[in-house]
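Student: Okay, sequence plus prediction incoming.
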Amino acid sequence: MATPDFILALRKKIGSDPLWLSGVTAVVIKGDRVLLAKRADNGKWTAVTGIIDPGEQPADAAAREVLEETGIVAVPERLAMVHVTEPVVYDNGDQTQYLDLVFRFAWQSGVLRPADGENTAAVSDEQAAQYIASPQLAANA
């Protein structure tokens, strides 16, 4: 999904100045595996992340992002962590920093596929979004 409209409207007013945003990270567990998606912007494998829309509940935002980005329906189990990210400067010069709410999710249903263009591969390419065994996380960090 592209930059949310409310952020574009704010950027018209503040330019590239630092913007404080609320974000979510969804750690989706299926058995002993964790869902990771390969990002289109930097090519890195990551848990599903996204921006909370104004008025949206954080767990709902995380579930929406999982569905939008991977085609998977997942159920939030618990809030796992709250932290502040390092400042980010995007290629266009926009600066931001996130209060990130990390949720643990359980996979419920769906066919795994990159669903909204935020992942790098074609919809049928399973390398763009995949589950990896939890012990592999340390080796791939």
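Tutor: It's in.
Student: Look at I7 and give its secondary structure.
Tutor: helix (DSSP: H, G, I helix; E, B strand; the rest coil).
Student: I'd say it and I51 touch.
Tutor: Yes - counting by C-beta atoms under 8 Å, I7 touches I51, with 7.1 Å between them. In short, each C-beta sits where N, CA and C put it, glycine included.
Student: Quickly list what's touching both of the two.
Tutor: The contact sets of I7 and I51 overlap at L21 (C-beta atoms under 8 Å, 6 or more residues apart in numbering).
Student: Would you mark the buried spots in the longest helix that the chain contains?
Tutor: Criterion DSSP state H: the longest helix present in the chain is helix 58-70. Residues 58-59, 61-67, 69-70 are the ones in helix 58-70 that count as buried (16 or more other C-beta atoms under 10 Å).
Student: now the helices for the protein?
Tutor: Using DSSP H, helices in the chain cover 5-14, 58-70, 136-140.
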